[in-house]
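[1] sequence first, predicted coordinates after that:
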Amino acid sequence: MFDQPQNQALSQELETTRIKNRSKGDVELSYLEGFDVIDTANRIFGYGNWSYNITILEQVSQESNQNQNIVICYKAIVSVKVSDTKHEHHISREDVGFGTGISKTLSDSHESAAKEAVTDALKRSLRSFGNQFGNSLYDKSRQHQNSQQTQQPKPSNKVNTPSQDYSKLSNLGLSVMQQGSNLVVIGDDIFAKKDTIKACGFKWDARLKHWCKQQEAA
């Protein structure tokens, strides 16, 4: 089915620089980002030699949290098809994924939950092709460390926080920046990570539309 270069690529160890980390409660989780998995599939299989189809996408729950945000959960089942270069043979894989959307508006919650569910299902379908798609991350006996994740992102403005450790935020892909006399948290899907942000002492400022914290004196 696969040629020699493809088999060699699939058998290689997963590069630690591709591994991202995030916190879920008191547990640190390692994962690959959706765009990285798609880029890897394009690189190994070829742009026209693989595809995926959403067979099921449905809402499974809806509720409101203590901050009056709308919390929606979606389930997706995605089927992946990989063909050889001549498209004479193919392999199909299918798996399920879940996604949660948290927002003040119903439409934004639906959008975030649906996208996350499809991406999760796609990654889980592709992981059956091995380590290049993160299958080794599910092996609890193996330790994966990303050297880039142990360092906080360097902000464009210097933040004087000698006594603070924001590694939990950086592990979630978030950054702490200085804005006037405040420290603010920036990043993607920020409301979905609010529990960790609040645990680091930040509060939501409706006027500034940021999670803010008074900067401590040096």
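    Yep, that arrived.

[2] ok, residues contacting stretch 193-210?
    22-23, 67, 102, 164, 166, 168-169, 172, 174, 179, 182-187, 190, 211-213 (Cβ atoms under 8 Å, 6 or more residues apart in numbering). Any C-beta I mention is one placed from the backbone N, CA and C, and that applies to glycine too.

[3] residue 44: neighbour count?
    22 (other Cβ atoms under 10 Å).

[4] what's the answer for residue 183, then?
    25.

[5] before we move on, what about the one 4 residues further on?
    Residues contacting residue 187 under the criterion other Cβ under 10 Å number 16.

[6] quick one: contacts for the closest residue to it other than its chain neighbours?
    What sits nearest to residue 187 in space, not counting adjacent residues and going by Cβ to Cβ, 6 or more residues apart in numbering, is residue 174, at 3.7 Å. The contact partners of residue 174, by Cβ under 8 Å, 6+ apart, come to 185, 186, 187, 190, 193, 197.

[7] at 10 Å instead, please
    Residue 174 makes contact with 22, 152-153, 166, 168, 185-190, 193, 196-197, 200, 211, according to Cβ atoms under 10 Å, 6 or more residues apart in numbering.

[8] out of those residues, which are buried?
    22, 152-153, 166, 168, 185, 187, 190, 193, 196-197, 200, 211 (16 or more other Cβ atoms under 10 Å).

[9] so which of those are in strands?
    When DSSP state E defines the strands, the subset of these inside them is 22, 185, 211.

[10] excluding covalently adjacent residues, which one is nearest to the second one?
    It stands for residue 185. residue 211 (4.2 Å).

[11] contact partners for the residue nearest the centre of the chain?
    Centroid check for the chain by Cα atoms, centre = their mean gives residue 33 as the closest residue, at 5.0 Å. Counting by Cβ under 10 Å, 6+ apart, residue 33 touches 18, 19, 20, 39, 119, 123, 134, 173.

[12] retrieve the pLDDT associated with it.
    Per-residue confidence for residue 33 comes out at a pLDDT of 94.

[13] show me what counts as buried in stretch 50-62.
    For stretch 50-62, by 16+ other Cβ under 10 Å, it's 50, 52, 57.

[14] from these, which single one is nearest residue 127?
    Of all the buried residues of stretch 50-62, residue 127 sits closest to residue 52, with 13.1 Å by Cβ to Cβ.

[15] for the lengthiest helix in the chain, list the C-alpha coordinates in PDB.
    Counting residues, the longest helix found in the chain (DSSP state H) is helix 106-126. Coordinates of each C-alpha in helix 106-126 appear next as PDB, following Å, rounded to 0.1, in the frame of the first residue of the first chain:
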ATOM      1  CA  LEU A 106     -25.100  30.700  21.100                       C
ATOM      2  CA  SER A 107     -23.600  30.900  17.600                       C
ATOM      3  CA  ASP A 108     -20.000  31.200  18.800                       C
ATOM      4  CA  SER A 109     -20.500  28.300  21.200                       C
ATOM      5  CA  HIS A 110     -21.900  26.100  18.400                       C
ATOM      6  CA  GLU A 111     -19.000  27.100  16.100                       C
ATOM      7  CA  SER A 112     -16.300  26.400  18.600                       C
ATOM      8  CA  ALA A 113     -17.700  23.100  19.700                       C
ATOM      9  CA  ALA A 114     -18.400  21.800  16.200                       C
ATOM     10  CA  LYS A 115     -14.900  22.700  14.900                       C
ATOM     11  CA  GLU A 116     -13.200  21.200  18.000                       C
ATOM     12  CA  ALA A 117     -15.200  17.900  17.700                       C
ATOM     13  CA  VAL A 118     -14.300  17.500  14.000                       C
ATOM     14  CA  THR A 119     -10.600  18.200  14.600                       C
ATOM     15  CA  ASP A 120     -10.500  15.800  17.500                       C
ATOM     16  CA  ALA A 121     -12.200  13.000  15.500                       C
ATOM     17  CA  LEU A 122      -9.800  13.700  12.500                       C
ATOM     18  CA  LYS A 123      -6.700  13.400  14.800                       C
ATOM     19  CA  ARG A 124      -8.000  10.300  16.400                       C
ATOM     20  CA  SER A 125      -8.700   8.700  13.000                       C
ATOM     21  CA  LEU A 126      -5.200   9.500  11.700                       C
END
